[in-house]
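# Would you be able to build a 3D model of this:
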Amino acid sequence: MLQSWGKDDSVIPEELFPLVYDELRKQAHNYLRHERPGHTLQTTALINETYLKLREQRNPEWESRAHFFAICATLMRRILVDYAKTRHRAKRGGKAEMLPLDGLALAVAQESDVDLLALDQVLGRLEHLDTQQARIVELRYFSGLSIEQTADVLDLSPSTIKREWRAAKAWLRKELDHK
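Presented below is the predicted three-dimensional model:
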């Protein structure tokens, strides 16, 4: 059904969406669990925003179910970053969103906070240096996918994902510590 989305009238997004809703809810919940307590964007709102962004896609070509959810993860990340930018925009600077980096467990065992906007900016730089590592971080940290699920989405071996994940975490820690 995902592969037929947008190609013909046999699959209507309104009919397909309930079938993927539970998995999207898990993804959205995973994203929002990293947010500060009292965050005003709720899981359902994030899912709805993601759905609206998906509806804007012209002739999407989902390669698989995993590919569809990877695209959704990217959309959710962008929505949260845009939300953080809008929420804290002020005439001359504003407070940045803080996220716990416990999911990344970068080089330290203790829980720390990272600025969501700084993480997005650093992740953008990583994407220019190593697209694969940036996708791994996005799928593991933001979507909460396991090593095996990430390997499936990216069509790589779990050992490659583990190696690239370790390298990406170390690079991110170094870059975020210099901010």
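# So what touches whichever helix in the chain runs longest?
Scanning the chain for the helix with the most residues, using DSSP state H, yields helix 65-87. Identification of contacts with helix 65-87 by CB atoms under 8 Å, 6 or more residues apart in numbering yields 2, 20, 23-24, 27-28, 31, 35, 40-41, 46, 49-50, 53-54, 60, 62, 96-97, 116-117, 120, 135, 138-139, 142-143, 145, 149, 152-153. C-beta here means a position set from N, CA and C on the backbone, and glycine is covered the same way.
# List the buried residues of that helix.
For helix 65-87, the neighbour count (16 or more other CB atoms under 10 Å) marks 66-77, 79-81, 83-84 as buried.
# now stretch 132-146
Buried, per 16+ other CB under 10 Å, within stretch 132-146: 133-145.
# try stretch 168-179
168-169, 171-173, 175-176.
# just stretch 157-164 next, same as before
Those would be 161, 164, for stretch 157-164 by 16+ other CB under 10 Å.
# Could you check how far that stretch is from the centre of its chain?
19 Å (CA atoms, centre = their mean, to the nearest Å).
# let's have the chain start at 42 instead
Renumbered: residue one is now 42, and that last one reads stretch 198-205.
# okay, it in CSV with CA atoms only?
Extracted in CSV, the C-alpha atoms of stretch 198-205 (Å, rounded to 0.1, in the frame of the first residue of the first chain):
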residue,chain,number,x,y,z
SER,A,198,25.1,-4.8,8.4
PRO,A,199,24.5,-4.4,12.1
SER,A,200,28.3,-4.4,12.7
THR,A,201,28.7,-1.4,10.3
ILE,A,202,25.9,0.4,12.1
LYS,A,203,27.6,-0.2,15.5
ARG,A,204,30.9,1.0,14.2
GLU,A,205,29.5,4.1,12.5
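# Can you tell me which helix or strand of the chain has the lowest average pLDDT?
strand 139-141 (a mean of 50; mean pLDDT, DSSP states H and E).
# Excluding chain neighbours, what is closest to Thr84?
Of all residues not flanking Thr84 in the chain, Ala69 sits nearest, at 4.6 Å (CB to CB, 6 or more residues apart in numbering).
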